[in-house]
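Asks: For reference, the sequence and a predicted model appear below.
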Amino acid sequence: MSATRNQTVVNPETGEIVKLTAFQPPERTVTKGWTVNVARRNEQRLQQIDFDAVEGFPAFVTLTMPSQQMGDVSAAMFHGWHKRWLQFMKRHGMRHYYWILEFQASGNPHLHVLVWLDHEPEPLETFKALRSWVGILNKSGVGARLQGQIWEPIDVGAEITVDGETVPAHPERVLMYLAKHAARGVAHYQRQIENMPDDWQYRSGRVWGHDRGLPLCAQEDVETDYPTFHRFRRLVRRWRLAEARSIKDADRRRAAIVQARGSLKCGRLDVSPYRGVSAWIPSDVASALLDAAEVMGGDYEEE
């Protein structure tokens, strides 16, 4: 039995409460693609990144491989190619990166990478970056094509297309979309896993990652009374509804609205008053909602 990350015990020598991992390192298990826990940890990590402190010129990169050769490629091979490509990019000015591995309906891996460079790249540089990926695969006998790879600079303030969906051109919004897309795709991935080669079913490897130098925000704790907390929860739900209604795709908009409306539902009366609310909200918006909840006092009623 392996120790969980936060499980605590009493140190018999000092009497201190310490994590069990101090005595028994947690067992490293085999990663089996996207699960609910994996998607949640990815989103939690993204919420911690201080995007305003990340220096560099951002770009959104998509790397693919031919689906017809999926059966000839192991997960270890694919992650080896990915590692070599990141090493190539580090030699050519990449400061930071965050990557998310998705799987298409056929089970084919689809690699999205957000990179920050120490300079604004010329078109020839972006061509060489994509060509390096294709060359890595070609050397391993995989017929990747340059036309299947995408490099899009992120012009902050404009818009960018991610998986056919238009999102605001900002590193945080791009990764936010990918994280939510990955979380929604957990059930889809679990349905498609039987169509994947055996090696990928049981040893997919990591499906998201980043460099260790990404700046992280310090956790901020706020104390408030329960009435203010309840008003804050309702304001968060209204904000989520507004975000959901702005989605252009009708099916995704409908699903997001249903999810937002039910975000505060709880069948246990003893738990409902204390249940928290989970939503990815920009820090300035969260602060504004909390300020509004405090100012409204008892005059605010949910519509």
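Replies: Thanks, I have it. Numbering: from 1, shown residues only.

Asks: Can you pull out the low-pLDDT segments for the chain?
Replies: 1-13, 15, 17-32, 105-107, 163, 181-197, 297-303 (pLDDT under 70).

Asks: middle-most residue in it, spatially?
Replies: Compute the mean C-alpha point of the chain, and by Cα atoms, centre = their mean the closest residue is Ala179, 3.3 Å away.

Asks: Dihedrals phi and psi, that residue?
Replies: When read as degrees, to the nearest 10, the backbone of Ala179 gives phi -60, psi -50.

Asks: Same question for Glu159.
Replies: According to degrees, to the nearest 10, Glu159 has phi -130, psi 160.

Asks: For it, give me its contacts.
Replies: 166-169 (Cβ atoms under 8 Å, 6 or more residues apart in numbering). The C-beta positions use only the backbone N, C-alpha and C, and glycine is treated the same way.

Asks: cutoff 6 Å now
Replies: Glu159 is in contact with 166, 169, counting by Cβ atoms under 6 Å, 6 or more residues apart in numbering.

Asks: Distance check, it against Ala279.
Replies: Computed as Cβ to Cβ, to the nearest Å, the Glu159 to Ala279 distance reads 23 Å.

Asks: returning to what we had before: touching, the residue nearest to the centre of the chain and Gln44? I think so.
Replies: No. Using Cβ atoms under 6 Å, Ala179 is not in contact with Gln44; the gap is 9.5 Å.

Asks: Might you report the residue contacts of the residue nearest to the centre of the chain?
Replies: 42-43, 46.

Asks: again, but for Met77
Replies: By Cβ under 6 Å, 6+ apart, Met77 has no neighbours at all.

Asks: cutoff 8 Å now
Replies: Ser140.

Asks: Phi first, then psi, for the residue nearest to Thr62 when sequence neighbours are not counted.
Replies: Leaving aside its sequence neighbours, Thr62 sits nearest to Ile150 (Cβ to Cβ, 6 or more residues apart in numbering; 4.1 Å). Torsion angles at Ile150 (phi, psi; degrees, to the nearest 10) stand at phi -130, psi 140.

Asks: Likewise for Glu102?
Replies: According to degrees, to the nearest 10, Glu102 has phi -110, psi 170.

Asks: before we move on, the earlier item: of the contacts of Ala179, which is the nearest to Asp249?
Replies: Checking the contacts of Ala179 against Asp249 by Cβ to Cβ gives Glu43 as the nearest, at 20.4 Å.

Asks: what helix or strand does the closest one sit in?
Replies: Using DSSP states H and E, Glu43 maps to helix 36-48.

Asks: If you count neighbours, what's buried in that helix?
Replies: 38-39, 42-43, 45-47 (16 or more other Cβ atoms under 10 Å).

Asks: State the next helix or strand along the chain beyond that helix.
Replies: Next in line after helix 36-48, if elements are assigned by DSSP H and E, sits strand 57-63.

Asks: show me where this protein has strands.
Replies: 8-10, 17-19, 57-63, 94-103, 109-117, 150-153, 159-162, 165-168, 208-210 (DSSP state E).

Asks: Next, format those as JSON lines and append distance to Trp133.
Replies: JSON lines is the format used below for those (distance: least, Cβ to Cβ, whole Å):
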{"stretch": "strand 8-10", "distance to Trp133": "45"}
{"stretch": "strand 17-19", "distance to Trp133": "40"}
{"stretch": "strand 57-63", "distance to Trp133": "5"}
{"stretch": "strand 94-103", "distance to Trp133": "12"}
{"stretch": "strand 109-117", "distance to Trp133": "9"}
{"stretch": "strand 150-153", "distance to Trp133": "10"}
{"stretch": "strand 159-162", "distance to Trp133": "19"}
{"stretch": "strand 165-168", "distance to Trp133": "23"}
{"stretch": "strand 208-210", "distance to Trp133": "17"}
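
Asks: Ala292: which of those is closest?
Replies: Of the strands of the chain, nearest to Ala292 by Cβ to Cβ is strand 165-168, at 23.1 Å.

Asks: That closest one: which residues count as buried?
Replies: The neighbour-count criterion (16+ other Cβ under 10 Å) identifies Val167 as the buried residues of strand 165-168.

Asks: Stretch 261-268 too?
Replies: Leu264.

Asks: Also stretch 83-94?
Replies: 85-86, 88-89, 93-94.

Asks: which one of the strands of the chain lies closest to Met296?
Replies: Met296 lies closest to strand 165-168 among the strands of the chain, at 28.7 Å (Cβ to Cβ).

Asks: you'd agree Ile247 is up against Arg253?
Replies: Yes. With contacts counted by Cβ atoms under 8 Å, Ile247 reaches Arg253, the gap being 4.0 Å.
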